[in-house]
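Chemist: kindly return the folded structure for what I paste below:
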Amino acid sequence: MQAKNRQLQDECKEWEEESKDIEGMYNHIMAKVVKPYAVKQKLDSQSLTDESVKTLLDTMLRQSSQVRPLRAELQRLRTQIQELQQDMLAKVDKVDATSDDQFAKEFRSLASSIKCFSRSLRFITHVNITEVLGSVALLNDVAPHHWNGRPRKKALTEAWIWSILICLVFKSPYAVFGDHCKAVNEAWVQIYGAEHLLEWPIPSSHCESWRVKTVEQLLKQTSPDTIAHGESEGLFAGLTASVVEVRLLVMSVICGHFESLSPGFKISDIQLIIDKAFSLAVHMSTQQSRFQVTYPAVGAEFHEAQMLSVDNDDDEDMGASVVAFVINPGLTKWGDAHGEHYDHYHSIVPTLVQLEPKDLGDNLDDHRQEIVDAEPVIKQEPGVKQEPEWCWASN
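Modeler: Okay, here's the model as predicted:
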């Protein structure tokens with residue numbers, strides 16, 4: 001009997017220990033799971049009964065059984081989205097990354113159209129072309145004697161048309177969208193600064209990514225065809241109307257000047273120039289690399305890597321040479337299609353310039369010399385007003 005009593009006592013102690021463990025687990029579950037759930041259900045967690053606890057646990061189990069498949073489906077969707085994103089990025093790299101050769105081809109096609117138009121003009125005699133066209137962009141600071149003679153007037157015409165395009169089409173990545181997106185460019189500059197050429201931000205991965213994504217969103221509100229050709233399937237409204245307005249502004253500025261210089265010029269030739277310029281501009285703005293229309297200052301030293309020179313009239317060796325004037329600008333690229341190496345740039349299309357001996361450039365006035373000293377290769381014009389009315393002011 002004594003042995004049996006000792007055995008019963010030992011079993012009672014084990015049951016007491018197990019009971020304490022169970023009670024501890026129960027209290028833990030109540031404190032960490034049941035009571036917080038009751039609070040979420042707006043129940044009094046302090047007056048729970050065994051029956052109400054059982055009801056809560058049943059509800060929690062039912063919800064848990066519903067959550068598991070939802071979690072599995074959510075994980076499946078996340079995996080699918082990641083796969084789609086990777087596939088889209090791969091397609092973007094293949095579709096949107098345009099070769100430098102293609103950009104050079106588009107740029108030279110535009111330059112060729114401008115040159116052909118200038119060669120087709122028959123100027124009215126006794127009309128001062130330089131006074132009619134005025135001094136703008138590429139024509140600033142050029143000595144007047146450089147425009148003497150018929151061949152130079154053709155070069156002047158080319159340079160002036162390019163100047164208008166620089167002012168109204170290539171002045172920012174958002175210029176082709178018109179005044180409707182003026183605030184977008186101001187926000188871009190406000191965020192990333194204006195310490196680069198033509199008061200653009202210094203190129204960086206964040207800056208160019210912001211630009212590309214913004215332009216992509218803007219293109220969803222209009223179409224590349226509208227920008228390149230001024231065509232739209234419906235009524236002109238919103239951003240599409242703004243695009244059409246800026247195209248008409250460029251047409252009006254160019255035609256308005258040549259009506260008094262060479263009546264009978266072909267409007268279709270100007271239309272082709274505008275189409276090519278707008279198409280190139282929007283193409284440039286959608287690239288991860290930074291593309292800008294660039295040109296040297298008058299008086300800048302000649303650099304073969306960024307410039308081409310026309311043959312000198314007297315075919316004499318000028319020795320050390322500087323830029324007398326720019327006939328057409330060049331196209332410069334910063335960074336690569338992967339959004340890297342923005343500290344490196346290279347010339348896609350060099351600037352076409354007329355040279356003069358360096359000793360003539362030594363007589364530059366102080367204002368011109370400041371510009372030359374500031375940037376010997378690619379021109380920076382921090383003080384130039386880049387608005388449409390600035391171009392009209394040349395009348």
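Chemist: what ranges do the helices span in the stretch 151-300 of the chain?
Modeler: Along the stretch 151-300 of the chain, the segments classed as helices by DSSP state H, counting those that start in this stretch run 182-192, 205-219, 224-229, 238-258, 267-285.
Chemist: tell me the most buried of those?
Modeler: Among the helices of the stretch 151-300 of the chain, ranked by average contacts under mean count of other C-beta atoms under 10 Å, first place goes to helix 267-285 (a mean of 20). Every residue, glycine included, has its C-beta placed from N, CA and C.
Chemist: remind me what it packs against, helices and strands.
Modeler: With contacts defined as 3 or more C-beta pairs under 8 Å, 6 or more residues apart in numbering; DSSP states H and E, helix 267-285 has these neighbours: helix 100-120, helix 150-168, helix 205-219, helix 224-229, helix 238-258.
Chemist: just the CA trace of it, in CSV.
Modeler: The C-alpha trace of helix 267-285 is given here as CSV (Å, rounded to 0.1, in the frame of the first residue of the first chain):
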residue,chain,number,x,y,z
ILE,A,267,5.9,76.7,-96.9
SER,A,268,6.1,72.9,-97.4
ASP,A,269,9.9,73.1,-96.9
ILE,A,270,9.5,74.9,-93.6
GLN,A,271,6.8,72.4,-92.6
LEU,A,272,9.2,69.6,-93.2
ILE,A,273,11.9,71.3,-91.1
ILE,A,274,9.5,71.7,-88.2
ASP,A,275,8.3,68.1,-88.5
LYS,A,276,11.9,66.8,-88.4
ALA,A,277,12.8,69.1,-85.5
PHE,A,278,9.9,68.2,-83.3
SER,A,279,10.3,64.5,-84.0
LEU,A,280,14.0,64.6,-83.1
ALA,A,281,13.3,66.7,-80.0
VAL,A,282,10.8,64.2,-78.5
HIS,A,283,13.0,61.3,-79.5
MET,A,284,15.9,62.9,-77.6
SER,A,285,13.7,63.5,-74.5
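Chemist: not counting that helix itself, show me its contacts.
Modeler: By C-beta atoms under 8 Å, 6 or more residues apart in numbering, the surrounding residues in contact with helix 267-285 are 98, 103, 106-107, 109-110, 113-114, 116-117, 120, 161, 165, 169-170, 173-176, 211-212, 215, 219, 224, 227-230, 247, 250-251, 254-255, 258, 291-292.
Chemist: surely residue 164 touches residue 251?
Modeler: No. Between residue 164 and residue 251 there is no contact, the gap being 10.3 Å when judged by C-beta atoms under 8 Å.
Chemist: can you say which of the helices and strands packed on helix 267-285 is nearest to residue 354?
Modeler: helix 150-168 (7.0 Å; C-beta to C-beta).
Chemist: mind listing what's buried in that closest one?
Modeler: Buried positions in helix 150-168, judged by neighbour count with 16 or more other C-beta atoms under 10 Å: 152-168.
Chemist: what about that helix, distance to the chain center?
Modeler: Relative to its chain's centre, helix 150-168 lies at 26 Å (C-alpha atoms, centre = their mean, to the nearest Å).
Chemist: tell me which other helices or strands it touches.
Modeler: In this structure, helix 150-168 makes packing contacts with helix 100-120, helix 129-133, helix 238-258, helix 267-285, strand 321-328, helix 388-392, judged by 3+ C-beta pairs under 8 Å, 6+ apart.
Chemist: relative to strand 321-328, how tilted is it?
Modeler: Calculated by axes from the mean of the first three to the mean of the last three C-alpha atoms, to 10 degrees, helix 150-168 forms an angle of 70 degrees with strand 321-328.
Chemist: quick one: mean pLDDT for helix 150-168?
Modeler: Across helix 150-168, pLDDT averages out at 93.
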